[in-house]
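J.: Dropping the sequence and predicted coords here.
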Amino acid sequence: EAGVTQFPSHSVIEKGQTVTLRCDPISGHDNLYWYRRVMGKEIKFLLHFVKESKQDESGMPNNRFLAERTGGTYSTLKVQPAELEDSGVYFCASSRGGQGSGNTIYFGEGSWLTVV
Amino acid sequence: DQQVKQNSPSLSVQEGRISILNCDYTNSMFDYFLWYKKYPAEGPTFLISISSIKDKNEDGRFTVFLNKSAKHLSLHIVPSQPGDSAVYFCAASDPTNFGNEKLTFGTGTRLTIIP
């Protein structure tokens, strides 16, 4: 079974440019999450999809961030325009369906974003 | 407001000895706790979890203990091996928060096993 895959693994862009990160969850996982780790700090929740619907986007920093999951399969996270403080590692994660605790959440290797 | 705290940023342990990593939380609504292990340039890898209805869960060399009254959990690794050297994240979820499994992470503890 393939794990959570993310693309690109690394991206260096200039301030003001746009970057789109892609995540392919584990096949059959309805839940898809985006997390971010900035400057070696804690990993912070950004948002959660259940299939194609946004269940919780309370962690999205501002309206420069846009996440989509068309068709309930892969997801994209777009940052437009990128700012210096957006630099960090963006992790995607997925878990099986059903709400409530107890489902293990599996993480991808992350997309490293550097804004210069 | 840090709801999950790992107060030790680093820990060094001799190979073969026991490693004990600690985690404290403040949100009494958390009911599921997980430990993730992270190597450099990789994503967090699930290690072990525990539900709030239990006080101990064991999986091979790894045991997690939960003390709900103290809002404290710990991860024991015994015996410690060089491959255990990594950053360990404690995480917790609150099912009442939008009814999902959103994880709140601690800042991590870097464990170094000394051969």
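T.: Ah, there it is.

J.: okay, CA-based contacts and neighbour counts for the rest of this
T.: Fine.

J.: So in terms of bridging, what pairs with the nearest residue to residue B:84 once chain neighbours are set aside?
T.: Excluding the flanking residues, the one nearest residue B:84 by Cα to Cα, 6 or more residues apart in numbering or on different chains is residue B:113, at 6.8 Å. According to DSSP bridges, the partner residues bridging residue B:113 are residue B:13.

J.: My guess is residue B:113 contacts residue B:17. True?
T.: No. Using Cα atoms under 8 Å, residue B:113 is not in contact with residue B:17; the gap is 9.1 Å.

J.: Write out the residues of chain B neighbouring chain A.
T.: Taking Cα under 8 Å from any Cα of the partner chain as the measure of proximity, chain B contacts chain A at B:31-32, B:41-46, B:51, B:93-95, B:98-108.

J.: can you give me the helices for chain B?
T.: Applying DSSP state H to chain B gives no helices.

J.: any low-confidence regions in it?
T.: By pLDDT under 70, the low-scoring segments of chain B are B:97-100.

J.: Try it again at 80.
T.: B:1, B:95-101 (pLDDT under 80).

J.: and the nearest residue to residue A:79 once chain neighbours are set aside, what is it in contact with?
T.: Excluding the flanking residues, the one nearest residue A:79 by Cα to Cα, 6+ apart is residue A:65, at 4.7 Å. Applying Cα atoms under 8 Å, 6 or more residues apart in numbering or on different chains, we find residue A:65 in contact with A:77-80.

J.: Neighbour count and pLDDT added to the residues you listed, as a markdown table?
T.: Shown next, in a markdown table, are these (neighbours: other Cα atoms under 10 Å in any protein chain shown; pLDDT from 0 to 100):
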| residue | neighbour count | pLDDT |
| --- | --- | --- |
| A:77 | 18 | 98 |
| A:78 | 17 | 98 |
| A:79 | 20 | 97 |
| A:80 | 16 | 96 |
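
J.: For the residue nearest to the spatial centre of chain A, give me its contacts.
T.: For chain A, residue A:34 is the residue whose C-alpha lies nearest the centre (Cα atoms, centre = their mean; 2.9 Å). Residue A:34 makes contact with A:45-48, A:90-93, according to Cα under 8 Å, 6+ apart.

J.: Distance from the helix or strand encompassing it to the middle of the chain?
T.: Per DSSP states H and E, residue A:34 falls inside strand A:31-37. With Cα atoms, centre = their mean, to the nearest Å as the basis, strand A:31-37 stands 4 Å off its chain's centre.

J.: Mind listing the strands the helix or strand following that strand pairs with, and their directions?
T.: Per DSSP H and E, the first helix or strand lying C-terminal to strand A:31-37 is strand A:43-50. Applying DSSP bridges, strand A:43-50 is found paired with strand A:31-37 (antiparallel), strand A:53-56 (antiparallel).

J.: Not counting its own residues, what contacts strand A:43-50?
T.: Outside of strand A:43-50, the residues within contact range by Cα under 8 Å, 6+ apart are A:30-37, A:54-61, A:69, A:72, A:97, B:102-107.

J.: Could I get the full set of strands for chain A?
T.: Taking DSSP state E to define them, one finds strands in chain A at A:5-7, A:10-13, A:19-24, A:31-37, A:43-50, A:53-56, A:65-68, A:75-79, A:88-95, A:106-107, A:111-115.
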